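In: Give me a model of this one.
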Amino acid sequence: MNLKIGAKIKALRKRDDVKQERLADVLGVTSQAISRWESENGYPDIEYISPLANFFNVTTDYLFDHDLVEKRKKIYAYCEEFDVHRRHGKSPQERIDMMRKVIAQFPGEEQLLFRLAKALYHKWCDYGWHSRVVDGYGVSDYEKHRSFDSWEESVEIMENLLSSSTDDEIRSECRELLAYIYGRIGETEKVLAIANKCDDMSRSKQNILANALSINGKDSVKYRQEQLMTLLDTFRWSLVSAAFNTNDRKINNDAYIIILNLYKLVFNDGNYGFYNDSMASLYQHYTWRVLVPEERFDEAFNALECAYEHTKMFDMYIKDLRQKSIIQYTSPFANMMEENSQDVNATEMLPLLLSDLKNEDTIKSYKKFSDDPRYASLTDKIEADLRKQ
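Out: I've put the predicted structure just below:
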């Protein structure tokens, strides 16, 4: 018997604030027996090992210290496999099923639980974002978002991780994802509580690095470029959302032109890399929010063509990144930056663009536009591209 098992039982009992009497009652032994085990004057019989492990949500290997290094290797390998599946577009449900099987083998492991929570979150996101208009403003459809499955389990796991994990990365991402969920289901107070525990933009990672290392040679340029990308992405949606809420068509139009030109300036050599997705999304929003409602159909089809081209370039870039692992940007505003396939969570976007264009509600709502022969021509072109893949 492992001589450390008594100390482990004592530590687990203190961790979970469990009294000796309570543990004794669960195991069907006396509290004196628990005391003997913890003082190393005796050891639990083998029949009690599994019940002890189950009660404290640990493995029997943990109690025995058997193959601890091997266990960590397995957990790391499962995390790597999950991350590869995520990067290569495996569905959230496939990732959820994978994590459930692994967690059954290694219960209580926070890296595994964290990945399960993220897969559940992404499944919930796949149902889409739904809104309604209230007093002229877009408002999240709280009830609809609540009706979709998987978000509640994701929230429960992440809230538990926030209270127990000491991993800063896990805690930070849990806050971000929880805030997104709470915002979509109308839990505004919980969003505010999370936000109040976070630093503002002036004390963000990017801002601290850019300012503190502002005279640190190449590194200073790299950190400034990373800060620029963070600000650009933040400014993108802040500007177009604020413009949209004004209900002023000219302001809406100007906002999209300004932000599109900013991206064109930053990536002035045409190598948008991962930001092809941002450009495609902007052109799509510009089409449906501004150009089509104003029946500026020639411009709308030009914008959709641009969305299509950037979507194609994004998909090609993701495939290239998976093969090369790391790709460098080349624009003077981004040439110190690179994309690493280990950090990228992305799937091919061309099927999603086609799905959006063939959406029945969209076609009915914008019948005059969708009846134009150019609309069918574009969808045919995308379908032809997908058949070649």
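In: C-alpha only now, for contacts and for neighbours.
Out: Will do.
In: Got phi/psi on R132?
Out: In terms of degrees, to the nearest 10, the main-chain angles of R132 are phi -140, psi 160.
In: What's opposite it in the beta bridge?
Out: V139 (DSSP bridges).
In: How many residues are close by it?
Out: R132 has 11 neighbours, counted by other CA atoms under 10 Å.
In: so it makes contact with K144?
Out: No. With contacts counted by CA atoms under 8 Å, R132 stays clear of K144, the gap being 10.5 Å.
In: mind checking how far the helix or strand where L112 lies is from the chain centre?
Out: Assigned by DSSP states H and E, L112 belongs to helix 110-125. Distance, stretch centre to chain centre, for helix 110-125: 9 Å (CA atoms, centre = their mean, to the nearest Å).
In: Kindly report the same for stretch 313-326.
Out: 19 Å.
In: next one: stretch 352-362
Out: Distance, centroid of stretch 352-362 to centroid of chain: 24 Å (CA atoms, centre = their mean).
In: Name the residues of it that come out as buried.
Out: By 16 or more other CA atoms under 10 Å, the buried positions in stretch 352-362 come out as 353-354, 357.
In: Is it possible to get JSON lines of those residues that adds pLDDT and secondary structure?
Out: Shown next, in JSON lines, are those (pLDDT from 0 to 100; DSSP: H, G, I helix; E, B strand; the rest coil):
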{"residue": "L353", "pLDDT": "91", "secondary structure": "helix"}
{"residue": "L354", "pLDDT": "91", "secondary structure": "helix"}
{"residue": "L357", "pLDDT": "92", "secondary structure": "helix"}
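In: which residue ranges form the strands in the stretch 101-250 of the chain?
Out: 131-134, 137-140 (DSSP state E, counting those that start in this stretch).
In: I'd like those strands laid out as CSV, including mean pLDDT.
Out: As requested, the strands of the stretch 101-250 of the chain are exported to CSV (pLDDT from 0 to 100):
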stretch, mean pLDDT
strand 131-134, 76
strand 137-140, 75
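In: residue farthest from the centroid of this structure?
Out: N41 (49.7 Å; CA atoms, centre = their mean).
In: next one: phi and psi at it?
Out: N41 adopts backbone torsions of phi -100, psi 10, taken as degrees, to the nearest 10.
In: do E339 as well
Out: According to degrees, to the nearest 10, the main-chain angles of E339 amount to phi -110, psi 130.
In: N207 touches M201, doesn't it?
Out: Yes. N207 lies in contact with M201 (CA under 8 Å); the separation is 7.2 Å.
In: These two: which has the busier surroundings?
Out: N207 (19 against 11).
In: residues touching that one, list them.
Out: N207 is in contact with 201, 227, counting by CA atoms under 8 Å, 6 or more residues apart in numbering.
In: What of R296?
Out: By CA under 8 Å, 6+ apart, the contact set of R296 is empty.
In: so how far is A307 from it?
Out: Distance of R296 to A307, given as CA to CA, to the nearest Å: 16 Å.
In: What of K364?
Out: According to CA to CA, K364 stands 21 Å off from A307.
In: For these two, indicate the residue with more neighbours.
Out: A307 (26 against 12).
In: can you pull out the helices in the stretch 151-300 of the chain?
Out: 151-164, 168-184, 188-195, 205-212, 218-246, 249-266, 276-286, 297-324 (DSSP state H, counting those that start in this stretch).
In: got the buried residues for the last one?
Out: The neighbour-count criterion (16+ other CA under 10 Å) identifies 297, 300-301, 303-308, 310-315, 317-319, 321-322 as the buried residues of helix 297-324.
In: Quick one: list the elements packing against whichever helix or strand comes after that helix.
Out: Downstream of helix 297-324, the first helix or strand assigned by DSSP H and E is strand 326-328. Strand 326-328 is packed against strand 338-340, with contacts defined by 3 or more CA pairs under 8 Å, 6 or more residues apart in numbering; DSSP states H and E.
In: how does it look with 10 Å?
Out: Here strand 326-328 touches helix 297-324, strand 338-340, going by 3 or more CA pairs under 10 Å, 6 or more residues apart in numbering; DSSP states H and E.
In: Tell me, how many residues neighbour L116?
Out: 26.
In: same question, R100
Out: 15.
In: same thing with M229?
Out: 19.
In: Next, the distance between the ends of stretch 15-29.
Out: Where stretch 15-29 begins and where it ends lie 21 Å apart, using CA to CA.
In: can you give me how far that stretch is from the chain middle?
Out: On CA atoms, centre = their mean, the centre of stretch 15-29 falls 39 Å from that of its chain.
In: In that stretch, which residues are buried?
Out: 20, 23-24, 27.
In: contacting residues for I49?
Out: Neighbour list for I49: 5, 27, 55, 59-61, 63-64 [criterion: CA atoms under 10 Å, 6 or more residues apart in numbering].
In: Oops, could you answer that again for F114 instead?
Out: Counting by CA under 10 Å, 6+ apart, F114 has contacts 79, 99, 120, 154, 157-158, 161, 170-171, 173-174.
In: Of those, keep whichever come out buried.
Out: So, by 16+ other CA under 10 Å, the buried ones in the contacts of F114 are 79, 99, 120, 154, 157-158, 161, 170-171, 174.
In: ok, now which ones touch V133?
Out: Contacts here follow CA under 10 Å, 6+ apart; on that basis V133 touches 139-141.
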